[in-house]
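Student: predicted structure and sequence below. I'll ask about it afterward.
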Amino acid sequence: MIRVLIVDDHSVVRLGIQKIINFEKDMVSVGESETGEDVLDLINEKKPDVVLMDINLPTKNGINITSEIKKLHPTCRVLILTMYEHSEYFLAALDAGTDGYLLKDSSPEKITEAIRVIHEGHSIIPPSLTKNLIKQKRGAIETEEDLTPREKEVLSSLVRGLSNKEIAQELFISERTVKIHINKIFKKMNVKSRSQAIINAVKNKMISLT
């Protein structure tokens, strides 16, 4: 069972998410926080696998709490669930180490699937956010020239939110080959996760969604 901790200042939202989670056979809500101040204590007590984190909390910012969680509980996965689609929040959340960023208007199916994806060690970023960031003018990154044409194709697919299986199908290669390409991309870009690779690519205009 995937153990989920819910952090949101609205009781109706917490109750709704709790029902969504407890309806699934492979996950359970183990606790909730209204202010975020007790999150670290709850993590020690409840041992959640995934924390659903709102950004706008009464006394502590959800992004700052995410940074604290990642420093003290690096194996705990954090999924930002917010109404904010602004790039500054998105970038700040990635810098804090969040494993995923999802908007509150997402369907229950997308929320539960996102929980499963980040629990498995992957990342979730809405394509709409990366599309907005691509429009921003930024400087080129040096490692862009080091990527092979195939690696650039894989990186572009990552930015579009495709899974390894979907990338393999689109490029007519095996999932194992996709993983090899992703590992090489991580090494060349000096990143450790899909989120970091995506944000570097988007910020530095390494790819385009066409």
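Tutor: Structure's in. What do you need? None of these values were measured; they are calculated from a predicted model.
Student: how's this protein carved up into domains?
Tutor: The chain resolves into domains spanning 2-124, 131-203 when parsed by automatic domain parsing.
Student: how about the ones you listed in a markdown table, adding mean neighbour count and mean pLDDT?
Tutor: C-betas here are computed from N, CA, C, even on glycine. Converted to a markdown table, the domains of the chain look like this (neighbours: other CB atoms under 10 Å; pLDDT from 0 to 100):
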| stretch | mean neighbour count | mean pLDDT |
| --- | --- | --- |
| domain 2-124 | 18 | 92 |
| domain 131-203 | 16 | 80 |
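Student: which one is the residue most central in space within the chain nearest to, not counting chain neighbours?
Tutor: Centroid-nearest residue in the chain, with CA atoms, centre = their mean: Gly100, separated by 1.4 Å. Setting aside the residues directly before and after it, Gly100 is nearest to Ile124 in space (CB to CB, 6 or more residues apart in numbering), at 3.4 Å.
Student: separation between the one you found and Glu175?
Tutor: 19 Å (CB to CB, to the nearest Å).
Student: can you check His10 too?
Tutor: Taking CB to CB, one finds His10 at 40 Å from Glu175.
Student: hmm, Arg160 is touching Leu129, no?
Tutor: No: applying CB atoms under 8 Å, one finds Arg160 not in contact with Leu129, separated by 11.7 Å.
Student: so which residues of the chain form strands?
Tutor: 2-7, 27-33, 50-53, 77-82, 100-103 (DSSP state E).
Student: show me what the longest helix along the chain is packed up against.
Tutor: As assigned by DSSP state H, the longest helix anywhere in the chain is helix 175-189. Helix 175-189 sits against helix 149-159, helix 164-171, helix 194-203, with contacts defined as 3 or more CB pairs under 8 Å, 6 or more residues apart in numbering; DSSP states H and E.
Student: compile these into TSV and extend it with columns for distance to Glu109.
Tutor: Putting the helices and strands packed on helix 175-189 into TSV (distance: least, CB to CB, whole Å) gives the following:
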stretch	distance to Glu109
helix 149-159	22
helix 164-171	17
helix 194-203	21
